[in-house]
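Undergrad: Here is my input; please provide its structure:
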Amino acid sequence: MPSCPARTSPARGSAAPTSAPPTSRGARLDGADLRGADLSGACLRAASFAGARLTDARLLGTDLSGASFRGADLGRTSFKLAGAATAPADFRDARMQRSGLDHTTLAGCDLSGADLSEAPWGANWAGANLRGATFRGALLEGTNLAGADLTHADLTHAVLHRADLTAARMADAALGRTIFAAVPSLPLALGLEATSHSADSSLDLATLAGIAHGLPTAFLEGIGLAEAVLRRLAD
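TA: Take a look at the predicted model:
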């Protein structure tokens, strides 16, 4: 992650560049049109992009500590290797459909209400606020969600493969056509018995055999396990 030398913030109302300088600490680009911009490697600590349009932008390896993207359009934006190491970033209500979030470190950040539909993950999001966020069709590959708040999140059609759900809060999360594969931490998630199910979901047999006794019956019934299978697991 790049270091952040001191920089004077640009004045409000100044023209927004189409690509960022190496340092944009504290920049105020609320509502700016930065579609397709390349901000890779920039230091964006405490910068504000609230309501900005950043579709198809590149933020590879950027320092997002304390930055705000509240309500921003980040569709198809690439965040690979970006992170917020020193202060949580704000992505509340951001539109992040199909964004590239692999290898990001956004532990403890606020993504409540964000739309992350069809976004590929493989990141450290431990303790993040994902309350009410949408992950419809997202690929959560090796994602660390330990301690994250997934209350009321939409996980329909999502794939959770090797995800860490230890102490993740999942009460009222929406499931349906959701795939859980190689997720031994699933019984350690909180509120599974209170998840909602719009359709059956999938749980791989190896994982089921190893953790079934730690899963609430209401959850197993909700994902569509037949009664005969449940009786056999109870034996």
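Undergrad: residue boundaries of the helices in the chain?
TA: Along the chain, counting by DSSP state H, helices occupy 205-211, 217-222, 227-234.
Undergrad: Which of these comes out lowest on mean pLDDT?
TA: Ranked by mean pLDDT, those bottom out at helix 227-234, which scores a mean of 65.
Undergrad: can you give me the strands in the chain?
TA: Here the chain has its strands, by DSSP state E, at 101-105, 120-124, 139-141, 159-161, 174-175, 179-181, 196-197, 202-203.
Undergrad: Quickly, which of the ones you listed bottoms out on average pLDDT?
TA: Note on the strands of the chain: lowest mean pLDDT is at strand 120-124, with a mean of 86.
Undergrad: quick one, that one and strand 101-105 angle?
TA: Counting by axes from the mean of the first three to the mean of the last three Cα atoms, to 10 degrees, strand 120-124 lies at 10 degrees to strand 101-105.
Undergrad: Output the contacting helices and strands for strand 120-124.
TA: The contact analysis (3 or more Cβ pairs under 8 Å, 6 or more residues apart in numbering; DSSP states H and E) places strand 120-124 against strand 101-105, strand 139-141. Placement of C-beta: from N, CA and C, glycine included.
Undergrad: Nearest to residue 123, out of these?
TA: Ranking those by proximity to residue 123 (Cβ to Cβ) places strand 101-105 first, at 4.2 Å.
Undergrad: start to end distance for stretch 68-78?
TA: End-to-end distance for stretch 68-78, by Cα to Cα, to the nearest Å: 16 Å.
Undergrad: With stretch 79-95 instead?
TA: Stretch 79-95: ends 14 Å apart by Cα to Cα.
Undergrad: what mean pLDDT does it have?
TA: The average pLDDT within stretch 79-95 is 96.
Undergrad: how far does that stretch sit from the chain's center?
TA: Put simply, stretch 79-95 sits 10 Å off its chain's centre (Cα atoms, centre = their mean, to the nearest Å).
Undergrad: ok, back up a step: for residue 192, find the nearest of the helices and strands packed on strand 120-124.
TA: Going by Cβ to Cβ, the one of these nearest residue 192 is strand 139-141, 16.2 Å.
Undergrad: quick one: contacts of that closest one?
TA: Around strand 139-141, the neighbours that count as contacts under Cβ atoms under 8 Å, 6 or more residues apart in numbering are 102, 119-122, 158-163.
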